[in-house]
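S.K.: make a model of this:
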Amino acid sequence: MTAAATAAHAGNSRRRFVAPLRGQVEAACFRHPLFDGYGEYLDLLTASHWPGIDALNTRMPLSGPRFAEQDAALLADGVHYETRIAQGRIATRAENWHDLFNAMVWMRHPALKQALNRQQCRHIDRIGTRERSPAQQALTQFDESGIVVQVRDASLLDPWDRHDWTTLFLANADRWREGGISVAAVVGHALMEQMLVPGRLLVGKCLVVQGDASNAVARVTEAISAGEALIAPSELRPLPLAGIRGWHADQVAAFYAQEDYFRPLREGRVYPRPL
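M.R.: Purely as a prediction, here's the structure:
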């Protein structure tokens, strides 16, 4: 990446992301590994027209909340977004990429999304809606930018702990392919939205499951439901997703030396043990 491109990335990261129009997005965008696991829903993204609320609800499990169009009439009740979900309605904006990706995560991982909602509501019941606890901040960060990572080779946690990105990504590229470490699920719908712009350098906020659990997402869901995870934002490990082999085109050694993206470990920063 050139110095100018690096500077542009740094500037873009400080500005609010604006998604491209539907007709401006190439279908090839959705072949990126970030969308692995969502293949059965990609028609919602690639069709020439936006899916309506009824079309989204037909893809949801029969039990649980339903999508409801977010319009003036819906918002007039004054109910908090999370509280409304607990009452059975997920406020969803029409023709909106962010909310469409959120809907896809609800379709794919409903138990996880319900666990996040229950914890948000628990904190709202305790402190109201005028403040946000550290746990609510962590829950929101994971909801927007969350990645579930499974680590079968425990030795790979050490370079991640130290932000030794060259070792984690370049020296151990084969371990990412072979499953020593792997992305078990992308659950952050804001990450999906930003991937609409190819080449964007994204950072996931990760919960890590260590070992050979057959369903890492279920383990994360269990931990969130029990209040054992997402107590504070500091639990979330940053993962520069462009470093994973096959997730970005420019993966030469110099790419991993860019400290504005592959950031050094902040002094005193310590990560919790994996689940």
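
S.K.: number of residues surrounding residue 116?
M.R.: Neighbour count of residue 116, defined by other Cβ atoms under 10 Å: 23. C-beta coordinates here come from the backbone N, C-alpha and C atoms, glycine included.

S.K.: no wait, residue 43
M.R.: Residues near residue 43, counting by other Cβ under 10 Å: 10.

S.K.: what about residue 135, distance to residue 165?
M.R.: Distance from residue 135 to residue 165, counting by Cβ to Cβ, to the nearest Å: 29 Å.

S.K.: could you do residue 181 as well?
M.R.: Distance of residue 181 to residue 165, given as Cβ to Cβ: 13 Å.

S.K.: ok, residue 32 next?
M.R.: To residue 165, residue 32 is 20 Å away according to Cβ to Cβ.

S.K.: which one of those two has more residues nearby?
M.R.: When residue 32 is set against residue 165 and neighbours are counted by other Cβ under 10 Å, the residue ahead is residue 165, at 22 against 15.

S.K.: leaving aside the residues next to it on the chain, what's closest to the more buried one?
M.R.: residue 262 (4.2 Å; Cβ to Cβ, 6 or more residues apart in numbering).

S.K.: can you give me the helices for the stretch 51-200 of the chain?
M.R.: Listed from the start of the chain, the stretch 51-200 of the chain has helices (DSSP state H, counting those that start in this stretch) covering 53-57, 72-75, 81-86, 97-108, 110-127, 134-145, 157-161, 165, 173-178, 189-194.

S.K.: and the longest one, what other elements does it pack with?
M.R.: Other elements packing on helix 110-127 under the criterion 3 or more Cβ pairs under 8 Å, 6 or more residues apart in numbering; DSSP states H and E are helix 81-86, helix 97-108, helix 134-145, helix 216-225.

S.K.: which of these sits closest to residue 42?
M.R.: Closest approach to residue 42 among those (Cβ to Cβ): helix 97-108, 8.9 Å.

S.K.: can you tell me what sits against the closest one?
M.R.: Residues outside helix 97-108 that contact it (Cβ atoms under 8 Å, 6 or more residues apart in numbering): 19, 22, 37-38, 41, 44-45, 50-51, 56, 59-60, 65, 67, 70, 90, 92-93, 112-113, 187, 189-190, 192-193, 196.

S.K.: out of those residues, which are buried?
M.R.: 19, 22, 37-38, 41, 44-45, 51, 56, 59-60, 65, 67, 70, 90, 92, 112-113, 187, 189-190, 192-193, 196 (16 or more other Cβ atoms under 10 Å).

S.K.: measure the spatially most central residue of the chain to residue 93 for me?
M.R.: Nearest residue to the geometric centre of the chain (Cα atoms, centre = their mean): residue 188, 1.9 Å. Distance from residue 188 to residue 93, counting by Cβ to Cβ: 18 Å.

S.K.: same question, residue 159
M.R.: Counting by Cβ to Cβ, the separation of residue 159 from residue 93 is 41 Å.

S.K.: and residue 227, by the same measure?
M.R.: Residue 227 sits 31 Å away from residue 93, going by Cβ to Cβ.

S.K.: sweet, I'm off.
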